[in-house]
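Q: need a 3D model of the sequence below.
(one chain, ligands or ions: 2)
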Amino acid sequence: MKVREKLLKWDIFLAPYSQAVDELKIKLKGMRKQFDYESRHSPIEFVTGRVKPITSIIDKAKTREILSSNIEEEVQDIAGLRVVCPFVDDIYEVVDMIRDRQDFEIVEEKDYIEKNKESGYRSYHLVIKYPVETIHGEKLILAEIQIRTLAMNFWAINEHSLNYKYSEQMPEDVRNRLKNAAEAAFRLDEEMSKIRQEIREAQQVFRRKQD
Ligand code: 0O2
Ligand code: 0O2
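A: Residues are numbered from 1 along each chain as shown. Ligands and ions are numbered 1, 2, ... in the order given. Model (predicted):
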């Protein structure tokens, strides 16, 4: 098959994922806006979303020995959303709100906060089954929602860049530094939670002044 034909096939395959990311970004950002309208503290700081690049999908399928016919079921993060929260408690509030929603179904939950990954990675992951309306009817696709604090996000994006730089062969000293940094991020989340009420009150005063 020619390269152009292959890319066209990928475009068709990825179209519902792209639509799902756009829709879910609006829905999750909408949750934040509703808190703003009601002048309540929002457990959501910001929301981002992306469709996994084709090369990353192919690489993941290769390393996990996933047949191309099984990619839809087995690569669960082709559509990826990220909800970043100020405090750890906010993460569980967002998870509860997502559980209550009627517009999609949660099929898997992974709590890497209760038990972090070996790398030091912390986040709450939800895999959902999301209905996308296409010109051929409804298509159910899987999407992954990662929910994490600002501190967890700071650590994860830096660790991700370093993993990319060292192509998964990270030197021992860098790996150890990252573990220490993960520990520091954990402590930062703990300290911030302790002064959370003070921070919220300061934000409310700031908001009133802005109004
Ligand atoms: P607002 O009003 O600034 O919150 P797109 O919507 O396609 O243009 P996308 O895919 O949502 O962009 O992702 P992008 O561009 O990575 O960022 C999404 C939103 O998250 C943007 O806001 C960024 O400003 C915000 N963002 C990203 N990193 C940070 C961060 O470290 N801190 C804070 N507070 N916000 C961040 P919006 O969607 O433009 O709207
Ligand atoms: P991307 O798009 O480059 O971020 P499992 O089969 O359960 O072991 P699976 O199916 O890969 O794992 O899902 P998992 O581990 O729950 O979540 C995968 C995604 O979580 C990754 O996507 C990362 O975004 C994030 N993640 C998981 N572990 C780490 C980690 O140690 N460091 C960082 N920075 N992120 C992590 P991908 O595939 O890497 O894609």
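
Q: check which helix or strand K27 maps to.
A: Under the criterion of DSSP states H and E, K27 resides in helix 3-37.

Q: ok, that helix near ligand 2 or not?
A: No. Helix 3-37 stays clear of ligand 2 (CB under 6 Å from any ligand atom), getting no nearer than 12.2 Å. Placement of C-beta: from N, CA and C, glycine included.

Q: who are the packing partners of the following helix or strand past that helix?
A: As assigned by DSSP H and E, the chain's next helix or strand after helix 3-37 is strand 46-51. Counting contacts by 3 or more CB pairs under 8 Å, 6 or more residues apart in numbering; DSSP states H and E, strand 46-51 is packed against helix 3-37, strand 79-85.

Q: with mean pLDDT and distance to V132 added, can I get these in JSON lines?
A: Shown next, in JSON lines, are the helices and strands packed on strand 46-51 (pLDDT from 0 to 100; distance: least, CB to CB, whole Å):
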{"stretch": "helix 3-37", "mean pLDDT": "94", "distance to V132": "4"}
{"stretch": "strand 79-85", "mean pLDDT": "98", "distance to V132": "9"}
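
Q: and those: which comes nearest E198?
A: strand 79-85 (17.6 Å; CB to CB).

Q: now the angle from the closest one to helix 3-37?
A: Counting by axes from the mean of the first three to the mean of the last three CA atoms, to 10 degrees, strand 79-85 points 30 degrees away from the direction of helix 3-37.

Q: how far out from the middle of the chain is strand 79-85?
A: Chain-centre distance of strand 79-85: 3 Å, with CA atoms, centre = their mean, to the nearest Å.

Q: stretch 35-52 now?
A: So, by CA atoms, centre = their mean, the centroid of stretch 35-52 is 12 Å from its chain's centroid.

Q: for Q197, report the pLDDT, please.
A: The per-residue pLDDT reported for Q197 equals 85.

Q: which strand or helix spans it?
A: helix 196-210.

Q: any chance of a markdown table for the helices and strands packed on strand 46-51, columns distance to E159?
A: Compiled in a markdown table, those are given as follows (distance: least, CB to CB, whole Å):
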| stretch | distance to E159 |
| --- | --- |
| helix 3-37 | 23 |
| strand 79-85 | 15 |
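
Q: and the chain, which of its residues are near ligand 1?
A: For the chain, the residues in contact with ligand 1 (CB under 6 Å from any ligand atom) are 25, 45-46, 48-49.

Q: ok, now with 8 Å
A: 21, 25, 29, 32, 45-50, 84, 150, 153-154 (CB under 8 Å from any ligand atom).

Q: buried among those? Make that a ChimeraX selection.
A: A single ChimeraX command selects the buried members of the residues of the chain next to ligand 1 (16 or more other CB atoms under 10 Å):
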select :21,25,32,47,49,84,150,153
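
Q: wasn't M152 part of a strand?
A: No. Assigned with DSSP: H, G, I helix; E, B strand; the rest coil, M152 falls outside any strand and is helix.

Q: so who does the residue nearest to it when sequence neighbours are not counted touch?
A: Nearest residue to M152, sequence neighbours excluded (CB to CB, 6 or more residues apart in numbering): R122, at 4.9 Å. Residues counted as contacts of R122 (CB atoms under 8 Å, 6 or more residues apart in numbering) are 112-113, 116, 148, 152, 155-156, 182, 185-186.

Q: just to revisit the earlier point, tell me the most buried of the helices and strands packed on strand 46-51?
A: Ranked by mean neighbour count under mean count of other CB atoms under 10 Å, these are led by strand 79-85, which reaches a mean of 23.
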